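Engineer: My questions concern the predicted model and sequence given below.
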Amino acid sequence: MTLTTHAAAGIVVAYWTQDPLLGFFAAVISHFILDMIPHGDEFIFWRLAHNPQDAFGRRIAIGDTSGTILILILTLLFKPQPNNELIVWGAIGGALPDLFMSFQAQLKYATLPGSHGTKRRIVEGIIKTIEPFQKVHGFCHDLIRTPIRLIQGYALQIIFIVWYVGFFLAA
């Protein structure tokens, strides 16, 4: 799923908890639950992991990052909280598993091959630290193996984003 969808869901979950710390962890869990739903965009990550210059993957990543930032800004503007940390931590928690996945892939496929000595040991240590978290993430992604097309997955996510903007922010 897109970071935009995960961030928006994380904000909703954090908002329901009314506690930044609890909201952060609930948002992380919401990410895993949402990733169990087939969403058709899994191949984009692998395109970028193995070829960071992939034009299609880069356009999707830039659009998704922009959407995430836009959702966060709109939420802070139109759904003000006595504690805006709640919204920020919800968005971070919702997006964190995918950010870890991207960070780990960047280290593994781009940094590690050219690393030597101390730098290599540090990179390997970071990868090893993130690995258990990523195994849970991968398990959730693979739990329901029903392939769907990218356009179908994005259509479902757009419906959620429209609900988020139209109902959650307007309420």
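Structural biologist: The structure has been received and is ready for your questions. Keep in mind the model is a prediction, meaning the values are calculated, not measured.
Engineer: what about the strands in this structure?
Structural biologist: With DSSP state E as the criterion, the chain has no strands.
Engineer: longest helix anywhere in it?
Structural biologist: helix 117-142 (DSSP state H).
Engineer: what helices or strands is that one leaning on?
Structural biologist: helix 20-35, helix 85-106 (3 or more CB pairs under 8 Å, 6 or more residues apart in numbering; DSSP states H and E). For the C-beta atoms, the positions are set from N, CA and C on the backbone; glycine is no exception.
Engineer: dump the residue contacts of the residue most central in space within the chain.
Structural biologist: Geometric centre of the chain, nearest residue: Ala95, 3.2 Å, by CA atoms, centre = their mean. Taking CB atoms under 8 Å, 6 or more residues apart in numbering, we find Ala95 in contact with 3, 6-7, 10, 31, 68.
Engineer: Which members of those define the maximum pairwise distance?
Structural biologist: Between any two of the contacts of Ala95, the greatest separation by CB to CB is 12.8 Å, found for His31 and Thr68.
Engineer: out of the two, which sits in the more crowded spot?
Structural biologist: Between His31 and Thr68, His31 has the larger neighbour count (other CB atoms under 10 Å), namely 25 against 20.
Engineer: The more buried one touches Ile92, doesn't it?
Structural biologist: No - His31 is not in contact with Ile92 according to CB atoms under 8 Å; the separation is 10.7 Å.
Engineer: tell me, what's touching the two both at once?
Structural biologist: Shared contacts of His31 and Ile92, defined by CB under 8 Å, 6+ apart, are found at Gly10.
Engineer: out of everything not next to it in sequence, what's closest to Asn51?
Structural biologist: Nearest residue to Asn51 in three dimensions, chain neighbours excluded: Gly57, at 7.5 Å (CB to CB, 6 or more residues apart in numbering).
Engineer: Return the residues in contact with that neighbour.
Structural biologist: 44, 47-48, 51.
Engineer: likewise Val12?
Structural biologist: 90, 164, 168.
Engineer: The second one is in contact with Gly10, isn't it?
Structural biologist: Meaning Tyr164. No - using CB under 8 Å, Tyr164 is not in contact with Gly10; the gap is 11.0 Å.
Engineer: So which of those two has more stuff around it?
Structural biologist: A direct count of neighbours by other CB under 10 Å for Tyr164 and Gly10 places Gly10 higher, at 31 against 21.
Engineer: Tell me how far the residue nearest to the more buried one when sequence neighbours are not counted lies from Gly138.
Structural biologist: Excluding the flanking residues, the one nearest Gly10 by CB to CB, 6+ apart is Gly94, at 2.1 Å. Distance of Gly94 to Gly138, given as CB to CB, to the nearest Å: 18 Å.
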